[in-house]
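Colleague: fold the following and give me the result.
(chains A and B)
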There are 2 protein chains.
Amino acid sequence: MTSLRVVLVSPRNPLNIGAAARAMSNFGFIELRLVNPYQVAFREAKSAVGAGAVLKAASEFATVAEAVADCTLVVGTTAGSHREPRQPLYGLEYGARRIRKHQGPVALLFGSEKYGLSNDNLSHCQWLIEIRSRPQHRSMNLGQAVAVCLYELVRDRRAAIAKPPARKPATAEQTEVLRERIEEALKLSGYYDHTAVAGAQRRLRALVKRLNLSRDDAAVWLGILRQIVWKLRSGS
Amino acid sequence: MTSLRVVLVSPRNPLNIGAAARAMSNFGFIELRLVNPYQVAFREAKSAVGAGAVLKAASEFATVAEAVADCTLVVGTTAGSHREPRQPLYGLEYGARRIRKHQGPVALLFGSEKYGLSNDNLSHCQWLIEIRSRPQHRSMNLGQAVAVCLYELVRDRRAAIAKPPARKPATAEQTEVLRERIEEALKLSGYYDHTAVAGAQRRLRALVKRLNLSRDDAAVWLGILRQIVWKLRSGS
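Modeller: Prediction:
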């Protein structure tokens, strides 16, 4: 996966070049290649404050053919515009899965901000991926498109299903002591009289259970109630 | 899902405000709320060329409490920095699943470019999500973080598994005719002599099958070979 080369074809905006490099750094990709970038933009991006290692090591090529020469899979990105693609077009979700499975260096091509990948650029690609978006507004910002594609490549499929470990829940003993303290506070404040029935107690216990407190939070609440009870007692 | 409110807390950069709005428009979210934005930036973003409907309809609030008042679930985003979160922290993959399942309006909070969400901001959240990124470079660009979160909310889980419909594969008849034409071209060019053995024919058939041609591409190749055979014949 670190063998992925992100290839920006004719990028024009230094902020987008910088944003692509930043997303790569965030998600752990290191090899940025630029084909025929607008020179002023490339220089500006490289000299920007905070330009990371990815941008400093970015390499430049005159043609797409040269930029992808060492790759065994070349994938283009498209906003799903009107042009009829001659290659298979996959959704990002499925395309990323194929890229992950590929053995060997992969080039992922992004077109210029204004025109995307040309038909000539596209002819270098085995297949294309599109980020599914609203038909009325398909065209994504270049930096955001790079971020979304790289995110999909590294996203953890199991994490979407597995519930992460919860905080430690309060013990039954804690909730019971808490229930007692609340009851005491209620009695002291005249909400209950001293002959409160067992039903009220059960309802209060269930009420406390439904708070679903963590162990730490239960301890905090217990401290709060102790203080309230103390105040109620000393005031009476 | 259209009941999601994207809440930017104290954004400072008009480009980021614009990028957040653009990602929302791409992925079909309409309600952008800004808490205490840098006024110059907000005005600049709204007046930018191409500022879409989302940005024009964005509403402004003085405090987080007011911005999330009508929501039944408030979720914060964090780069997973050093601060110990008092709320559960989920990966984006799992958090997005919970948001999708929630019945009722949800607020998704993003902090300022420089500081993220403050502890005070975070106290309004039921739980937090983080985009898992490289520990050495966690902090994402605001516009990119918004894009990635919204993408995860709308991504199609089934699309990642289901193979999209392939192009129509070539028929056996097509590949057989193609094999014959290639054989003819090879004989005419002297690669085979006229007594080519059956084994060579079988190997050629397997070779053509492995090309895994689509119906359309098989027709193109057949045309190419017809032309070559015609030329070889007329030249001999």
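
Colleague: distance check, the residue nearest the centre of chain A against B:Q227.
Modeller: Residue closest to the average C-alpha location in chain A (Cα atoms, centre = their mean): A:Y151, at 6.7 Å. A:Y151 is 47 Å from B:Q227, where distance means Cβ to Cβ, to the nearest Å. The way it works is simple: take the backbone N, C-alpha and C, and place the C-beta from them, glycine included.

Colleague: please apply the same query to A:L108.
Modeller: A:L108 is 36 Å from B:Q227, by Cβ to Cβ.

Colleague: out of the two, which sits in the busier spot?
Modeller: A:L108 (26 against 10; other Cβ atoms under 10 Å in any protein chain shown).

Colleague: that one in helix, strand or coil?
Modeller: In three-state terms, and counting by DSSP: H, G, I helix; E, B strand; the rest coil, A:L108 is strand.

Colleague: what's the pLDDT at the residue nearest to the centre of chain A?
Modeller: Looking at A:Y151, its pLDDT is 96.

Colleague: contact partners for it?
Modeller: A:A23, A:F27, B:I131, B:V148, B:Y151, B:E152 (Cβ atoms under 8 Å, 6 or more residues apart in numbering or on different chains).

Colleague: where's it, which helix or strand?
Modeller: Secondary structure assignment for A:Y151, by DSSP states H and E: helix A:142-154.

Colleague: the very next helix or strand once past that helix near chain B anywhere?
Modeller: Following helix A:142-154 in sequence order, the next helix or strand is helix A:157-161 (DSSP H and E). Yes: judged by Cβ under 8 Å from any Cβ of the partner chain, helix A:157-161 and chain B are in contact via A:R157, A:A159, A:A160, A:I161.

Colleague: what sits up against helix A:157-161?
Modeller: Under Cβ under 8 Å, 6+ apart, the answer for helix A:157-161 is B:G91, B:E93, B:Y94, B:A96, B:R97, B:R132, B:R157, B:A160.

Colleague: give the buried residues for the first helix or strand past that helix going along the chain.
Modeller: The first helix or strand that comes after helix A:157-161 along the chain, using DSSP H and E, is helix A:172-188. Residues A:174-175, A:177-185, A:187-188 are the ones in helix A:172-188 that count as buried (16 or more other Cβ atoms under 10 Å in any protein chain shown).

Colleague: what is the nearest of those residues to A:A57?
Modeller: Nearest to A:A57, judged by Cβ to Cβ, of the buried residues of helix A:172-188 is A:Q174 at 54.4 Å.

Colleague: hmm, back to that, tell me what angle the helix holding A:Y151 forms with strand A:106-110.
Modeller: For helix A:142-154 against strand A:106-110, the angle by axes from the mean of the first three to the mean of the last three Cα atoms, to 10 degrees is 150 degrees.

Colleague: buried residues of helix A:142-154, list them for me.
Modeller: Applying 16+ other Cβ under 10 Å to helix A:142-154 flags A:142-154 as buried.

Colleague: tell me, how many residues neighbour A:P11?
Modeller: Residues within reach of A:P11, counting by other Cβ under 10 Å, total 24.

Colleague: looks to me like it is in a strand.
Modeller: No: in this structure, A:P11 is coil, not part of a strand, as judged by three-state DSSP.

Colleague: tell me the confidence at it?
Modeller: 94.

Colleague: does it touch A:Q39 like I think?
Modeller: No: counting by Cβ atoms under 8 Å, A:P11 does not reach A:Q39; the two are 11.0 Å apart.

Colleague: could you pull up the residues touching A:I99?
Modeller: A:L4, A:L73, A:V75, A:V106, A:L108, A:L153.

Colleague: what pairs with the fourth one across the strands?
Modeller: In other words, A:V106. Taking DSSP bridges, one obtains A:L4, A:L73 as the residues bridged to A:V106.

Colleague: backbone phi and psi for the residue lying closest to A:E176 once chain neighbours are set aside, please?
Modeller: Leaving aside its chain neighbours, A:E176 sits nearest to A:R205 (7.4 Å; criterion: Cβ to Cβ, 6 or more residues apart in numbering or on different chains). Phi and psi for A:R205, reported as degrees, to the nearest 10, are phi -60, psi -50.

Colleague: ok, A:R205 touching A:R179?
Modeller: Yes: the criterion here is Cβ under 8 Å, and A:R205 meets it with A:R179 at 5.1 Å.

Colleague: quick check: closest non-adjacent residue to A:F27.
Modeller: Counting by Cβ to Cβ, 6+ apart, the residue nearest A:F27 is A:L150, at 4.2 Å.

Colleague: ditto for A:P169
Modeller: Closest to A:P169 by Cβ to Cβ, 6+ apart is A:S214, at 6.2 Å.

Colleague: likewise A:G76?
Modeller: Closest residue to A:G76 apart from its sequence neighbours, by Cβ to Cβ, 6+ apart: A:C125 at 3.8 Å.

Colleague: ok, the helix ranked longest in chain A near chain B or not?
Modeller: In chain A, taking DSSP state H as the definition, the longest helix is helix A:215-235. No: using Cβ under 8 Å from any Cβ, helix A:215-235 stays clear of chain B, coming no nearer than 8.6 Å.

Colleague: show me the shaky parts of chain A.
Modeller: By pLDDT under 70, the weakly predicted segments of chain A are A:1-2, A:49-51, A:80-85, A:163-166, A:193-196, A:236.

Colleague: give me the domain ranges for it.
Modeller: Following automatic domain parsing, one finds the domains of chain A at A:4-161, A:172-235.

Colleague: quick one: A:L109 and B:R179, what's the gap?
Modeller: Per Cβ to Cβ, A:L109 is found 34 Å from B:R179.

Colleague: do A:E113 as well
Modeller: 46 Å.

Colleague: residue contacts, the closest residue to A:G111 other than its chain neighbours?
Modeller: Distances taken as Cβ to Cβ, 6+ apart put A:L117 closest to A:G111, at 3.6 Å, once the chain neighbours are dropped. If you count contacts by Cβ under 8 Å, 6+ apart, A:L117 has them with A:V9, A:G76, A:T77, A:T78, A:L109, A:F110, A:G111, A:C125.

Colleague: who are the contact partners of the first one?
Modeller: Translated: A:V9. With Cβ under 8 Å, 6+ apart, A:V9 has these contacts: A:V35, A:N36, A:V64, A:A67, A:L109, A:F110, A:G111, A:S112, A:L117, A:N121.

Colleague: the fifth one too?
Modeller: Neighbouring residues of A:L109 by Cβ under 8 Å, 6+ apart: A:V7, A:V9, A:V64, A:V68, A:V74, A:V75, A:G76, A:T77, A:L117, A:N121, A:H124, A:C125.

Colleague: name the nearest of these relative to chain B.
Modeller: Nearest to chain B, judged by Cβ to the nearest Cβ, of the contacts of A:L109 is A:T77 at 13.5 Å.

Colleague: no further queries at this time; thank you.
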